[in-house]
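Enquirer: next input, structure requested:
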Amino acid sequence: MKRISVLGSTGSIGTQTLDVARIHNDIQVVALAVYKSIHLLETQTREFMPRLVCVYDREAAADFRVRVRDLPVTVVSGMEGLLACALCEEADMVVSAVVGMIGIRPVIEAICAGKDIAFANKETLVTAGHLIMPLVKKHKVKFLPVDSEHSAIFQSLSGGGEPEKLILTASGGPFRGKKQSELDGVSVEDALRHPNWSMGKKITIDSATMVNKGLEVMEASWLFGMEADKIEVVIHPQSIIHSAVEYTDGAVIAQLGVPDMKLPIQYALFYPKRRAMSGKRLSLTELGSLTFERPDLCELPGLSLAYESIRAGGSMPVVYNAANEYAVEEFLNGKIRFTEITKRIADAMQAHRVIREPSLSEILETEALVREYLAGKKTSSN
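Expert: As a prediction, this is how the structure comes out:
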(Lines give C-alpha, C1' and ligand atoms only; values in the text may rest on other atoms or scores of the structure.)
Protein backbone atom coordinates (compact mmCIF):
# COMPACT_ATOMS: atom_id res chain seq x y z
CA MET A 1 0.00 0.00 0.00
CA LYS A 2 1.32 3.45 -1.00
CA ARG A 3 0.26 6.06 1.56
CA ILE A 4 0.44 9.64 0.34
CA SER A 5 0.01 13.15 1.68
CA VAL A 6 -1.04 15.64 -1.02
CA LEU A 7 -0.03 19.25 -0.45
CA GLY A 8 -2.09 21.41 -2.81
CA SER A 9 -4.86 18.87 -3.40
CA THR A 10 -7.31 21.27 -5.09
CA GLY A 11 -4.84 22.55 -7.70
CA SER A 12 -4.19 21.06 -11.13
CA ILE A 13 -1.49 18.60 -10.02
CA GLY A 14 -3.30 17.77 -6.79
CA THR A 15 -6.61 16.93 -8.44
CA GLN A 16 -4.88 14.80 -11.07
CA THR A 17 -2.94 13.00 -8.33
CA LEU A 18 -6.27 12.09 -6.77
CA ASP A 19 -7.49 10.95 -10.22
CA VAL A 20 -4.57 8.50 -10.22
CA ALA A 21 -5.45 7.42 -6.67
CA ARG A 22 -8.98 6.61 -7.81
CA ILE A 23 -7.63 4.18 -10.38
CA HIS A 24 -5.38 2.21 -8.02
CA ASN A 25 -6.76 0.59 -4.89
CA ASP A 26 -3.27 0.29 -3.39
CA ILE A 27 -2.94 4.09 -2.94
CA GLN A 28 -4.25 5.48 0.34
CA VAL A 29 -4.60 9.24 0.80
CA VAL A 30 -3.78 9.96 4.46
CA ALA A 31 -3.52 13.78 4.41
CA LEU A 32 -4.67 16.69 2.24
CA ALA A 33 -3.63 20.34 2.33
CA VAL A 34 -5.00 23.41 0.53
CA TYR A 35 -4.82 27.17 0.87
CA LYS A 36 -8.54 27.92 1.18
CA SER A 37 -10.50 26.08 -1.55
CA ILE A 38 -12.76 24.35 0.94
CA HIS A 39 -15.69 23.47 -1.37
CA LEU A 40 -13.65 21.06 -3.49
CA LEU A 41 -11.67 20.01 -0.41
CA GLU A 42 -14.86 18.87 1.30
CA THR A 43 -15.70 16.65 -1.67
CA GLN A 44 -12.17 15.21 -1.64
CA THR A 45 -12.26 14.65 2.12
CA ARG A 46 -15.57 12.79 2.01
CA GLU A 47 -14.32 10.58 -0.83
CA PHE A 48 -10.80 9.73 0.39
CA MET A 49 -11.35 10.04 4.16
CA PRO A 50 -7.87 11.28 5.14
CA ARG A 51 -7.27 11.47 8.89
CA LEU A 52 -5.58 14.89 8.60
CA VAL A 53 -6.51 17.97 6.54
CA CYS A 54 -4.85 21.39 6.47
CA VAL A 55 -6.62 24.55 5.34
CA TYR A 56 -3.83 27.14 5.42
CA ASP A 57 -6.15 30.16 5.74
CA ARG A 58 -7.34 30.17 9.35
CA GLU A 59 -10.80 31.65 8.69
CA ALA A 60 -11.47 29.11 5.94
CA ALA A 61 -10.21 26.36 8.27
CA ALA A 62 -12.78 27.35 10.91
CA ASP A 63 -15.53 27.13 8.28
CA PHE A 64 -14.22 23.78 7.08
CA ARG A 65 -14.27 22.29 10.60
CA VAL A 66 -17.99 22.99 10.74
CA ARG A 67 -18.56 21.43 7.32
CA VAL A 68 -16.85 18.14 8.24
CA ARG A 69 -17.77 17.89 11.90
CA ASP A 70 -19.50 14.57 11.13
CA LEU A 71 -16.22 13.03 9.90
CA PRO A 72 -13.32 11.52 11.89
CA VAL A 73 -10.83 14.05 10.51
CA THR A 74 -8.45 16.45 12.24
CA VAL A 75 -8.44 19.93 10.65
CA VAL A 76 -5.32 22.08 11.09
CA SER A 77 -4.26 25.44 9.67
CA GLY A 78 -1.35 27.79 8.98
CA MET A 79 2.25 26.78 8.38
CA GLU A 80 2.17 24.46 11.39
CA GLY A 81 -0.78 22.65 9.78
CA LEU A 82 1.01 22.37 6.45
CA LEU A 83 4.04 20.94 8.24
CA ALA A 84 1.79 18.47 10.07
CA CYS A 85 0.53 17.14 6.73
CA ALA A 86 4.08 16.90 5.39
CA LEU A 87 5.14 14.99 8.50
CA CYS A 88 2.00 12.83 8.80
CA GLU A 89 3.26 9.62 10.38
CA GLU A 90 1.22 7.31 8.12
CA ALA A 91 2.49 8.91 4.88
CA ASP A 92 5.48 7.36 3.15
CA MET A 93 5.36 9.84 0.24
CA VAL A 94 4.54 13.54 0.11
CA VAL A 95 3.20 14.98 -3.15
CA SER A 96 4.36 18.61 -3.13
CA ALA A 97 1.95 20.42 -5.44
CA VAL A 98 1.54 23.77 -3.68
CA VAL A 99 2.27 26.93 -5.65
CA GLY A 100 5.12 29.21 -4.64
CA MET A 101 7.78 29.37 -1.95
CA ILE A 102 5.31 28.34 0.74
CA GLY A 103 6.39 24.78 -0.09
CA ILE A 104 10.02 25.14 1.04
CA ARG A 105 9.66 24.29 4.73
CA PRO A 106 7.24 21.35 4.29
CA VAL A 107 9.54 19.74 1.70
CA ILE A 108 12.65 20.19 3.83
CA GLU A 109 10.90 18.83 6.93
CA ALA A 110 9.46 15.85 5.03
CA ILE A 111 12.89 14.95 3.62
CA CYS A 112 14.46 15.13 7.08
CA ALA A 113 11.69 12.82 8.35
CA GLY A 114 12.61 10.24 5.70
CA LYS A 115 9.59 10.79 3.42
CA ASP A 116 9.89 10.22 -0.33
CA ILE A 117 8.89 13.29 -2.35
CA ALA A 118 6.89 13.50 -5.59
CA PHE A 119 7.82 17.02 -6.56
CA ALA A 120 5.81 19.55 -8.58
CA ASN A 121 6.59 22.74 -6.65
CA LYS A 122 9.41 24.07 -8.84
CA GLU A 123 9.70 27.40 -6.98
CA THR A 124 10.95 25.58 -3.91
CA LEU A 125 13.83 23.91 -5.74
CA VAL A 126 14.63 27.09 -7.69
CA THR A 127 15.08 29.11 -4.52
CA ALA A 128 16.43 26.47 -2.12
CA GLY A 129 17.98 23.76 -4.29
CA HIS A 130 21.35 24.24 -2.57
CA LEU A 131 19.67 23.27 0.72
CA ILE A 132 17.30 20.57 -0.52
CA MET A 133 19.46 18.38 -2.76
CA PRO A 134 22.15 17.71 -0.09
CA LEU A 135 19.34 16.72 2.31
CA VAL A 136 17.93 14.29 -0.28
CA LYS A 137 21.34 12.64 -0.46
CA LYS A 138 21.88 12.67 3.31
CA HIS A 139 18.52 11.11 4.18
CA LYS A 140 18.52 8.73 1.17
CA VAL A 141 14.97 9.52 0.11
CA LYS A 142 13.48 9.40 -3.37
CA PHE A 143 13.01 12.83 -4.93
CA LEU A 144 10.92 12.21 -8.03
CA PRO A 145 9.93 14.94 -10.51
CA VAL A 146 6.29 15.31 -11.47
CA ASP A 147 6.60 18.13 -14.03
CA SER A 148 6.25 16.52 -17.46
CA GLU A 149 9.58 17.95 -18.68
CA HIS A 150 11.64 16.80 -15.71
CA SER A 151 9.90 13.44 -15.59
CA ALA A 152 10.78 13.05 -19.28
CA ILE A 153 14.45 13.79 -18.58
CA PHE A 154 14.41 11.45 -15.58
CA GLN A 155 12.97 8.66 -17.75
CA SER A 156 15.40 9.40 -20.59
CA LEU A 157 18.33 9.09 -18.17
CA SER A 158 17.26 5.66 -16.93
CA GLY A 159 19.26 3.76 -19.56
CA GLY A 160 22.62 4.94 -18.21
CA GLY A 161 25.42 6.64 -20.14
CA GLU A 162 27.02 10.05 -19.82
CA PRO A 163 24.63 12.93 -20.62
CA GLU A 164 26.12 15.86 -22.50
CA LYS A 165 23.08 18.11 -22.75
CA LEU A 166 19.50 18.30 -21.49
CA ILE A 167 16.82 19.44 -23.94
CA LEU A 168 13.77 21.08 -22.34
CA THR A 169 10.83 21.44 -24.70
CA ALA A 170 8.34 24.31 -24.48
CA SER A 171 5.04 24.74 -26.29
CA GLY A 172 5.65 28.48 -26.64
CA GLY A 173 2.37 29.24 -24.87
CA PRO A 174 -0.47 31.31 -26.32
CA PHE A 175 1.83 34.03 -27.72
CA ARG A 176 4.36 31.89 -29.59
CA GLY A 177 6.04 33.92 -32.32
CA LYS A 178 4.73 37.26 -31.04
CA LYS A 179 7.04 40.21 -30.39
CA GLN A 180 6.97 42.07 -27.07
CA SER A 181 5.63 45.15 -28.87
CA GLU A 182 2.53 43.13 -29.82
CA LEU A 183 1.75 42.00 -26.26
CA ASP A 184 1.22 45.25 -24.35
CA GLY A 185 -2.55 45.14 -24.56
CA VAL A 186 -3.25 41.42 -24.12
CA SER A 187 -5.88 40.57 -21.52
CA VAL A 188 -5.77 38.10 -18.68
CA GLU A 189 -8.17 35.90 -20.65
CA ASP A 190 -5.81 35.94 -23.65
CA ALA A 191 -2.85 34.94 -21.50
CA LEU A 192 -4.80 32.09 -19.89
CA ARG A 193 -5.63 30.42 -23.22
CA HIS A 194 -2.85 27.82 -23.29
CA PRO A 195 -2.93 25.83 -26.55
CA ASN A 196 -2.10 22.39 -25.08
CA TRP A 197 -2.28 22.17 -21.29
CA SER A 198 -4.99 22.78 -18.69
CA MET A 199 -3.19 24.25 -15.65
CA GLY A 200 -3.68 26.66 -12.78
CA LYS A 201 -3.72 30.40 -13.46
CA LYS A 202 -0.26 31.18 -12.11
CA ILE A 203 1.58 28.50 -14.08
CA THR A 204 -0.44 29.32 -17.23
CA ILE A 205 0.67 32.96 -17.03
CA ASP A 206 4.24 31.76 -16.40
CA SER A 207 3.98 29.69 -19.57
CA ALA A 208 2.80 32.74 -21.52
CA THR A 209 5.81 34.79 -20.34
CA MET A 210 8.19 31.79 -20.64
CA VAL A 211 9.15 32.39 -17.01
CA ASN A 212 7.93 28.85 -16.38
CA LYS A 213 10.59 27.52 -18.71
CA GLY A 214 13.20 29.65 -16.98
CA LEU A 215 12.18 28.13 -13.65
CA GLU A 216 12.37 24.67 -15.22
CA VAL A 217 15.94 25.32 -16.41
CA MET A 218 16.92 26.17 -12.81
CA GLU A 219 15.05 23.15 -11.48
CA ALA A 220 16.68 20.81 -14.00
CA SER A 221 20.10 22.13 -13.08
CA TRP A 222 19.54 21.13 -9.43
CA LEU A 223 17.74 17.87 -10.11
CA PHE A 224 20.22 16.46 -12.59
CA GLY A 225 23.45 18.22 -11.59
CA MET A 226 23.80 19.90 -14.99
CA GLU A 227 25.18 23.39 -15.60
CA ALA A 228 22.67 25.80 -17.09
CA ASP A 229 24.69 26.32 -20.28
CA LYS A 230 24.17 22.60 -21.00
CA ILE A 231 20.38 22.88 -20.73
CA GLU A 232 18.83 23.87 -24.05
CA VAL A 233 15.27 25.14 -24.43
CA VAL A 234 13.53 24.20 -27.68
CA ILE A 235 10.07 25.41 -28.77
CA HIS A 236 7.96 22.37 -29.67
CA PRO A 237 4.36 23.51 -30.31
CA GLN A 238 2.79 20.04 -30.30
CA SER A 239 3.92 19.18 -26.71
CA ILE A 240 4.47 15.54 -27.68
CA ILE A 241 8.19 15.27 -26.93
CA HIS A 242 8.18 16.27 -23.27
CA SER A 243 11.98 16.62 -23.08
CA ALA A 244 15.13 14.75 -24.07
CA VAL A 245 18.73 13.95 -23.19
CA GLU A 246 21.68 14.13 -25.57
CA TYR A 247 24.53 11.76 -24.67
CA THR A 248 28.25 12.05 -25.31
CA ASP A 249 28.03 9.71 -28.31
CA GLY A 250 25.44 11.98 -29.97
CA ALA A 251 22.43 9.78 -29.24
CA VAL A 252 19.30 11.69 -28.21
CA ILE A 253 16.81 9.84 -26.00
CA ALA A 254 13.39 11.44 -25.58
CA GLN A 255 10.13 10.65 -23.82
CA LEU A 256 6.97 11.12 -25.89
CA GLY A 257 3.30 11.07 -24.99
CA VAL A 258 0.04 12.98 -25.22
CA PRO A 259 -0.17 16.13 -23.04
CA ASP A 260 -1.52 14.47 -19.88
CA MET A 261 -0.03 15.11 -16.44
CA LYS A 262 -1.43 11.91 -14.99
CA LEU A 263 1.32 9.89 -16.67
CA PRO A 264 4.29 11.60 -14.92
CA ILE A 265 2.30 11.70 -11.66
CA GLN A 266 1.65 7.96 -11.79
CA TYR A 267 5.27 7.28 -12.76
CA ALA A 268 6.48 9.17 -9.69
CA LEU A 269 4.03 7.42 -7.36
CA PHE A 270 5.01 3.91 -8.44
CA TYR A 271 8.65 4.36 -9.54
CA PRO A 272 10.49 2.24 -10.62
CA LYS A 273 7.44 0.21 -11.72
CA ARG A 274 5.07 1.21 -14.50
CA ARG A 275 1.32 0.70 -14.25
CA ALA A 276 -1.33 0.44 -16.94
CA MET A 277 -3.17 3.68 -17.63
CA SER A 278 -6.38 4.19 -19.58
CA GLY A 279 -7.05 7.19 -21.79
CA LYS A 280 -5.87 8.52 -25.10
CA ARG A 281 -2.63 7.05 -26.44
CA LEU A 282 -0.10 8.66 -28.74
CA SER A 283 -0.46 7.69 -32.41
CA LEU A 284 2.50 8.84 -34.50
CA THR A 285 0.63 8.16 -37.76
CA GLU A 286 -2.28 10.35 -36.69
CA LEU A 287 0.11 13.03 -35.49
CA GLY A 288 1.90 13.23 -38.83
CA SER A 289 4.72 15.65 -37.95
CA LEU A 290 6.60 17.32 -35.10
CA THR A 291 8.16 20.77 -35.38
CA PHE A 292 10.86 22.60 -33.42
CA GLU A 293 12.03 26.21 -33.15
CA ARG A 294 14.88 28.03 -31.46
CA PRO A 295 13.57 30.54 -28.88
CA ASP A 296 14.35 34.21 -29.56
CA LEU A 297 15.76 35.38 -26.24
CA CYS A 298 15.53 39.01 -27.32
CA GLU A 299 11.74 38.65 -27.50
CA LEU A 300 11.48 36.36 -24.46
CA PRO A 301 12.79 38.36 -21.48
CA GLY A 302 11.24 35.89 -19.04
CA LEU A 303 13.62 33.21 -20.29
CA SER A 304 16.68 35.43 -20.82
CA LEU A 305 16.35 36.84 -17.28
CA ALA A 306 16.29 33.28 -15.93
CA TYR A 307 19.68 32.52 -17.48
CA GLU A 308 20.94 35.85 -16.14
CA SER A 309 19.80 34.95 -12.62
CA ILE A 310 21.47 31.52 -12.88
CA ARG A 311 24.75 33.15 -13.88
CA ALA A 312 24.48 35.56 -10.92
CA GLY A 313 23.76 32.60 -8.61
CA GLY A 314 23.25 32.72 -4.87
CA SER A 315 20.04 34.52 -3.92
CA MET A 316 19.33 35.92 -7.40
CA PRO A 317 17.00 33.04 -8.41
CA VAL A 318 15.01 33.83 -5.25
CA VAL A 319 14.58 37.40 -6.51
CA TYR A 320 13.61 36.19 -9.99
CA ASN A 321 10.98 33.87 -8.55
CA ALA A 322 9.63 36.23 -5.88
CA ALA A 323 9.36 39.17 -8.29
CA ASN A 324 7.53 36.98 -10.78
CA GLU A 325 5.06 35.71 -8.15
CA TYR A 326 4.31 39.29 -7.12
CA ALA A 327 3.99 40.56 -10.70
CA VAL A 328 1.73 37.69 -11.81
CA GLU A 329 -0.61 38.45 -8.90
CA GLU A 330 -0.68 42.09 -10.02
CA PHE A 331 -1.43 41.12 -13.62
CA LEU A 332 -4.19 38.67 -12.67
CA ASN A 333 -5.75 41.39 -10.52
CA GLY A 334 -5.70 43.84 -13.44
CA LYS A 335 -3.14 46.19 -11.88
CA ILE A 336 -0.35 45.92 -14.47
CA ARG A 337 -0.01 45.09 -18.15
CA PHE A 338 1.23 41.70 -19.33
CA THR A 339 4.59 43.03 -20.51
CA GLU A 340 5.21 44.65 -17.13
CA ILE A 341 5.59 41.21 -15.50
CA THR A 342 9.11 40.71 -16.83
CA LYS A 343 9.93 44.40 -16.33
CA ARG A 344 9.17 43.97 -12.62
CA ILE A 345 11.49 40.95 -12.52
CA ALA A 346 14.31 42.84 -14.24
CA ASP A 347 13.88 45.83 -11.93
CA ALA A 348 14.02 43.68 -8.77
CA MET A 349 17.07 41.78 -10.03
CA GLN A 350 18.91 44.98 -10.84
CA ALA A 351 18.28 46.33 -7.33
CA HIS A 352 19.41 43.16 -5.52
CA ARG A 353 22.77 42.49 -3.91
CA VAL A 354 23.47 38.76 -4.18
CA ILE A 355 23.84 36.58 -1.08
CA ARG A 356 26.15 33.75 -2.09
CA GLU A 357 24.87 30.86 0.09
CA PRO A 358 21.53 32.02 1.50
CA SER A 359 20.13 30.21 4.53
CA LEU A 360 16.43 29.35 4.70
CA SER A 361 15.77 32.47 6.79
CA GLU A 362 17.69 34.61 4.26
CA ILE A 363 15.69 33.07 1.39
CA LEU A 364 12.39 33.93 3.07
CA GLU A 365 13.66 37.38 4.04
CA THR A 366 14.75 38.04 0.44
CA GLU A 367 11.29 37.10 -0.80
CA ALA A 368 9.70 39.55 1.64
CA LEU A 369 12.13 42.32 0.67
CA VAL A 370 11.43 41.82 -3.04
CA ARG A 371 7.70 42.15 -2.44
CA GLU A 372 8.26 45.22 -0.27
CA TYR A 373 10.51 46.78 -2.92
CA LEU A 374 8.03 46.19 -5.76
CA ALA A 375 5.12 47.45 -3.69
CA GLY A 376 7.11 50.62 -2.97
CA LYS A 377 7.96 51.05 -6.66
CA LYS A 378 4.29 50.73 -7.53
CA THR A 379 3.29 53.30 -4.91
CA SER A 380 5.93 55.80 -5.99
CA SER A 381 4.97 55.48 -9.66
CA ASN A 382 1.24 56.15 -9.01
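Enquirer: name all residues that make contact with the nearest residue to Arg58 once chain neighbours are set aside.
Expert: Closest residue in space to Arg58, ignoring its immediate chain neighbours: Ser77 at 4.7 Å, by C-beta to C-beta, 6 or more residues apart in numbering. To be clear about C-beta, it is placed using only N, CA and C from the backbone, and glycine gets the same treatment. Contacts for Ser77 (C-beta atoms under 8 Å, 6 or more residues apart in numbering) come out as 54-58, 61.
Enquirer: and the gap between Arg105 and Leu125?
Expert: Using C-beta to C-beta, to the nearest Å, Arg105 is found at 14 Å from Leu125.
Enquirer: these two: who's more crowded?
Expert: Leu125 (28 against 17; other C-beta atoms under 10 Å).
Enquirer: tell me which element that one is part of?
Expert: Following DSSP states H and E, one finds Leu125 within helix 122-139.
Enquirer: which parts of that helix are buried?
Expert: Of the residues in helix 122-139, 122-133, 135-136 count as buried by neighbour count, 16 or more other C-beta atoms under 10 Å.
Enquirer: quick one: list the elements packing against it.
Expert: For helix 122-139, the packing partners by 3 or more C-beta pairs under 8 Å, 6 or more residues apart in numbering; DSSP states H and E come out as helix 104-112, strand 143-145, helix 211-224, helix 316-332, helix 360-381.
Enquirer: ok, and what's touching that helix?
Expert: Residues from elsewhere that reach helix 122-139 (C-beta under 8 Å, 6+ apart): 96, 99-101, 103-104, 107-108, 111-112, 114, 117, 119, 143, 147, 215-216, 218-219, 221-223, 317-318, 320-322, 325, 357, 359-360, 363, 367.
Enquirer: the strands in the stretch 201-350 of the chain, which residues?
Expert: Secondary structure of the stretch 201-350 of the chain (DSSP state E, counting those that start in this stretch): strands at 231-235, 241-247, 252-256.
Enquirer: return the most buried member of the ones you listed.
Expert: Of those, the one with the most neighbours on average (mean count of other C-beta atoms under 10 Å) is strand 241-247, at a mean of 22.
Enquirer: quick check: neighbours of it in the sheet, parallel or antiparallel?
Expert: The strands beside strand 241-247 in its sheet (DSSP bridges) come out as strand 163-170 (antiparallel), strand 252-256 (antiparallel).
Enquirer: got those as a markdown table, with mean pLDDT and distance to Pro50 columns?
Expert: Formatted as a markdown table, the strands paired with strand 241-247 follow (pLDDT from 0 to 100; distance: least, C-beta to C-beta, whole Å):
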| stretch | mean pLDDT | distance to Pro50 |
| --- | --- | --- |
| strand 163-170 | 97 | 34 |
| strand 252-256 | 97 | 32 |
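Enquirer: redo those as CSV? Include distance to Glu372.
Expert: CSV is the format used below for the strands paired with strand 241-247 (distance: least, C-beta to C-beta, whole Å):
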stretch, distance to Glu372
strand 163-170, 32
strand 252-256, 42
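Enquirer: tell me which of the ones you listed sits nearest to Tyr307.
Expert: Closest to Tyr307 of the strands paired with strand 241-247, according to C-beta to C-beta: strand 163-170, at 12.2 Å.
Enquirer: what does that closest one rub up against?
Expert: With C-beta under 8 Å, 6+ apart, strand 163-170 has contacts from 149, 153, 157, 207, 210, 213, 216-217, 220, 224, 226, 230-236, 239, 241-248, 252, 254, 295.
Enquirer: try it again with 7 Å
Expert: 149, 153, 157, 210, 213, 216-217, 220, 224, 226, 230-236, 241-248 (C-beta atoms under 7 Å, 6 or more residues apart in numbering).
Enquirer: in the stretch 51-200 of the chain, which ranges drop under the pLDDT threshold?
Expert: Counting by pLDDT under 70, the stretch 51-200 of the chain shows no low-confidence range.
Enquirer: do you know how far Tyr35 is from Val328?
Expert: 15 Å.
Enquirer: then Ser96?
Expert: Counting by C-beta to C-beta, the gap from Ser96 to Val328 is 20 Å.
Enquirer: for Arg3, same thing?
Expert: On the measure of C-beta to C-beta, Arg3 and Val328 end up 34 Å apart.
Enquirer: hey, where'd the helices end up in the stretch 151-300 of the chain?
Expert: Taking DSSP state H, counting those that start in this stretch as the test, the helices found in the stretch 151-300 of the chain are 188-191, 201-209, 211-224, 262-270, 284-287.
Enquirer: dump those helices to a markdown table, plus mean neighbour count and distance to His24.
Expert: As requested, these are exported to a markdown table (neighbours: other C-beta atoms under 10 Å; distance: least, C-beta to C-beta, whole Å):
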| stretch | mean neighbour count | distance to His24 |
| --- | --- | --- |
| helix 188-191 | 14 | 36 |
| helix 201-209 | 23 | 26 |
| helix 211-224 | 24 | 26 |
| helix 262-270 | 23 | 8 |
| helix 284-287 | 8 | 28 |
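Enquirer: right, so of the ones you listed, which gets closest to Leu7?
Expert: Here helix 262-270 is closest among the helices of the stretch 151-300 of the chain (C-beta to C-beta), at 13.7 Å.
Enquirer: pLDDT at Gly376, what is it?
Expert: In this model, Gly376 is scored at 89, pLDDT.
Enquirer: residues touching it, list them.
Expert: With C-beta under 7 Å, 6+ apart, Gly376 has no contacts at all.
Enquirer: and it, how far from Ala322?
Expert: Here Gly376 is placed at a distance of 14 Å from Ala322 (C-beta to C-beta).
Enquirer: got it, and Val29?
Expert: Val29 sits 31 Å away from Ala322, going by C-beta to C-beta.
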